[in-house]
Structure formats: structure tokens, C-alpha cells
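S.K.: Output the structure for:
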Amino acid sequence: MGNSRYSVWVLYLAIALGMLLGSGWVYLVAAWALPIVLLTHLVEYFMKRDVFEKAGGSMGYHFVQTMIYGLFHWKPLEEEQAKEEA
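M.R.: You can find the predicted model right below:
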């Protein structure tokens with residue numbers, strides 16, 4: 001796992017702590033951040049389906065990885081495909 005992927009886990013941990021331990025504005029920010037992050041990753045998945053299909057493998061795997069890591073999953077695949085086409 002690349003170091004950039006750890007930043008996503010830090011974000012999820014901060015959101016979880018904010019929702020579990022926070023109150024007031026901290027809880028509110030965390031409660032809004034989680035669905036925004038998940039919705040963003042869902043949109044990314046559907047926008048990059050062609051990249052996943054070219055990469056092969058299970059679309060379920062690509063879905064889960066995109067929902068967790070977002071661009072840190074699909075960007076390396078896209079760059080690798082661009083190198084192969086060049």
C-alpha cells in the first residue's frame with residue numbers, strides 16, 4: 001500500500017472520532033464529511049469504470065477499493081494503462 005493511501009485512513013479515523021467523541025460543531029462536521037466522502041468515491045467509481053474494466057479483475061474489488069481509497073486506487077491503474085498505450 002502506497003503512503004498516500006494512509007491519508008485516507010487518517011481521514012476516516014478523524015471522521016469516526018469526531019462522530020463518536022465529538023459534540024457540537026465537531027460532530028456536525030464529521031457527520032457531514034462521511035456521506036460527502038462516500039458519495040464522492042461512489043461518483044469516482046462510476047466515472048472510472050472503463051479504467052477498471054481495462055485493468056481486469058473483479059469489479060467488486062475495484063468498487064470496494066474505490067470506496068475506501070478513491071483516486072489512490074484508480075489513478076495508478078489509469079497511469080499504467082496510459083504507459084501501455086504509448
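S.K.: Where do the helices of the chain begin and end?
M.R.: 3-21, 25-47, 49-55, 59-69, 71-85 (DSSP state H).
S.K.: Now tabulate those helices in JSON lines and tack on mean pLDDT and mean neighbour count.
M.R.: All C-beta spots, glycine's among them, are computed from the backbone N, C-alpha and C. Shown next, in JSON lines, are those (pLDDT from 0 to 100; neighbours: other Cβ atoms under 10 Å):
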{"stretch": "helix 3-21", "mean pLDDT": "90", "mean neighbour count": "13"}
{"stretch": "helix 25-47", "mean pLDDT": "95", "mean neighbour count": "14"}
{"stretch": "helix 49-55", "mean pLDDT": "94", "mean neighbour count": "15"}
{"stretch": "helix 59-69", "mean pLDDT": "94", "mean neighbour count": "16"}
{"stretch": "helix 71-85", "mean pLDDT": "91", "mean neighbour count": "14"}
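S.K.: Roughly how far does residue 65 sit from residue 25?
M.R.: Distance, residue 65 to residue 25, using Cβ to Cβ, to the nearest Å: 32 Å.
S.K.: Correction: the previous question concerned residue 76.
M.R.: In terms of Cβ to Cβ, residue 76 sits 36 Å off from residue 25.
S.K.: for residue 7, same thing?
M.R.: Residue 7 is 23 Å from residue 25, by Cβ to Cβ.
S.K.: Please apply the same query to residue 77.
M.R.: Counting by Cβ to Cβ, the gap from residue 77 to residue 25 is 38 Å.
S.K.: same check, this time on residue 35
M.R.: 17 Å.
S.K.: what residue is smack in the middle of this structure?
M.R.: residue 70 (2.3 Å; Cα atoms, centre = their mean).
S.K.: That residue is in contact with residue 44, isn't it?
M.R.: Yes. Between residue 70 and residue 44 there is a contact under Cβ atoms under 8 Å: 5.5 Å.
S.K.: Now for those two: what residues contact both?
M.R.: Here residue 70 and residue 44 have no joint contacts, going by Cβ atoms under 8 Å, 6 or more residues apart in numbering.
S.K.: Alright, that wraps it up for me.
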